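1. Next one to model:
(one chain, ligands or ions: 1)
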Amino acid sequence: MTKPAILTFETYDDWDSAPMSELFDVHAMPASGNPADLPQETREQIRAFAFKGHNGMNAALMDPFPNLGLIANYGVGYDSIDVAYATSKGIKVTNTPDVLTNDVADLAVGMLIGLSRDIVGASDWVRSGKWGTSGAYPIQRTLSGASIGIVGMGRIGRAIADRLQSFDTKLHYFSRTEKDTPDWQYHNDVVSLASAVDILMIAVSGGPDTVNIISRDVLEALGTDGVIVNSARGTTVDEQALIELLQNGKLRGAALDVFENEPHIDERFLSLDNVLLQPHQSSGTVETRQAMGILQRNNLIAFFAGDALVTPVN
Ligand code: DGY
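-> Residues are numbered from 1 along each chain as shown. The predicted structure follows:
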């Protein structure tokens, strides 16, 4: 039987590419990034995209494929996909929620501890021999008992909150609607949240609704002892304001897994010693990436079988 044709973007590990090739007739997006470089016949055969990456998925990429019916995203965030356009063309979009929640929350808390105790700087102190030559490392800050605000109380925000509870923290949160969590203080705006806490953990989805939700006003409300941890999207933070405040000692620190321009981040971050920088790797474990691949394929399988999609977006 003929296998259904899909188009992949970016590379996959063997644990994904092998089952994908068994199930589907897999074509890769040409290195030029130009769909016109694929033969017309191939473009007509392709009915689904296995999409991966943060570069825009827009009309120019969808239009050359007249029979495209599904964009199966590898990732929970789909802010790089023009979902409104896809919907207008009858193209379904799916994502990979839930399977990565624990890893993303683990790393967010790990980054917070890493920043509070400067684990990376202290490790460099030992490696460089400074412990022997210069003595003890400068003392750092306590995390347990801190007042922490979580921006976004979806799956990931809640998983971060659950973990932070065991640090005896006082938890506050912002979200569109108040949740049934009486122990956690609800705020209906982010400036009010930032004024009430020392640490902000960002866990909202990316996209137009959350651009610069962490504005200069929010960062200033956090104050000179304030810290932010961003494992959501770079677009959620006013990065110019963030850098300025970090440079001028108007914020204590930032732990960032995501940036406005990835992977070519603003170089000013590199010379700051009050930041902990990560290469957008929150979901980057073998276990989670395998689960994401399986969920992406299950959506493709459901689509080609004419079944209900497992994790539809639109
Ligand atoms: C996601 O799933 O959205 C993560 O940011 C990885 O891309």
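2. which bits of the stretch 1-150 of the chain sit near the ligand?
-> By C-beta under 6 Å from any ligand atom, the residues of the stretch 1-150 of the chain that approach the ligand are 75, 76, 77, 100. Every residue, glycine included, has its C-beta placed from N, CA and C.
3. Neighbours of the nearest residue to the third one once chain neighbours are set aside, how many?
-> Looking back up the chat, that one is residue 77. Nearest non-adjacent residue to residue 77, counting by C-beta to C-beta, 6 or more residues apart in numbering: residue 206, 5.3 Å away. By the criterion of other C-beta atoms under 10 Å, residue 206 has 18 neighbours.
4. next one: residue 257
-> Here the number of neighbours of residue 257 (other C-beta under 10 Å) works out to 25.
5. where does residue 209 land in three-state SS?
-> Following DSSP: H, G, I helix; E, B strand; the rest coil, the label given to residue 209 is helix.
6. For it, give me its contacts.
-> With contact set as C-beta atoms under 8 Å, 6 or more residues apart in numbering, residue 209 has no partners.
7. how about 10 Å then?
-> Residues near residue 209 by C-beta atoms under 10 Å, 6 or more residues apart in numbering: 79, 176, 236.
8. next one: residue 297
-> The contact partners of residue 297, by C-beta under 10 Å, 6+ apart, come to 6, 16, 19, 20, 22, 23, 24, 50, 72, 74, 310.
9. And the pLDDT for the second one?
-> So that's residue 16. Note for residue 16: predicted pLDDT of 98.
10. Can I take it that it is in a helix?
-> Yes. Assessed by three-state DSSP, residue 16 belongs to a helix.
11. give me the element the closest residue to it other than its chain neighbours is part of.
-> Nearest residue to residue 16 in three dimensions, chain neighbours excluded: residue 293, at 3.9 Å (C-beta to C-beta, 6+ apart). Residue 293 is located in helix 286-305, with elements delineated by DSSP states H and E.
12. Is that helix positioned near the ligand?
-> No. Helix 286-305 is not in contact with the ligand by C-beta under 6 Å from any ligand atom; minimum separation 7.3 Å.
13. can I assume residue 101 is in contact with residue 107?
-> No. Under the criterion of C-beta atoms under 10 Å, residue 101 makes no contact with residue 107, lying 11.3 Å away.
14. Quick check on those two: which one has the bigger neighbour count.
-> Using other C-beta under 10 Å, the more surrounded residue of residue 101 and residue 107 is residue 107, with 22 against 19.
15. pLDDT score for that one?
-> Predicted confidence (pLDDT) at residue 107: the value is 98.
16. Can you tell me the SS state at the closest residue to it other than its chain neighbours?
-> Of all residues not flanking residue 107 in the chain, residue 282 sits nearest, at 4.7 Å (C-beta to C-beta, 6+ apart). Assigned with three-state DSSP, residue 282 falls in the coil class.
17. Residue 282: neighbouring residues, count only.
-> By the criterion of other C-beta under 10 Å, residue 282 has 22 neighbours.
18. gap between it and residue 290?
-> 16 Å (C-beta to C-beta, to the nearest Å).
19. And this structure, split by domain according to the record?
-> 5-98+286-305, 101-277 (automatic domain parsing).
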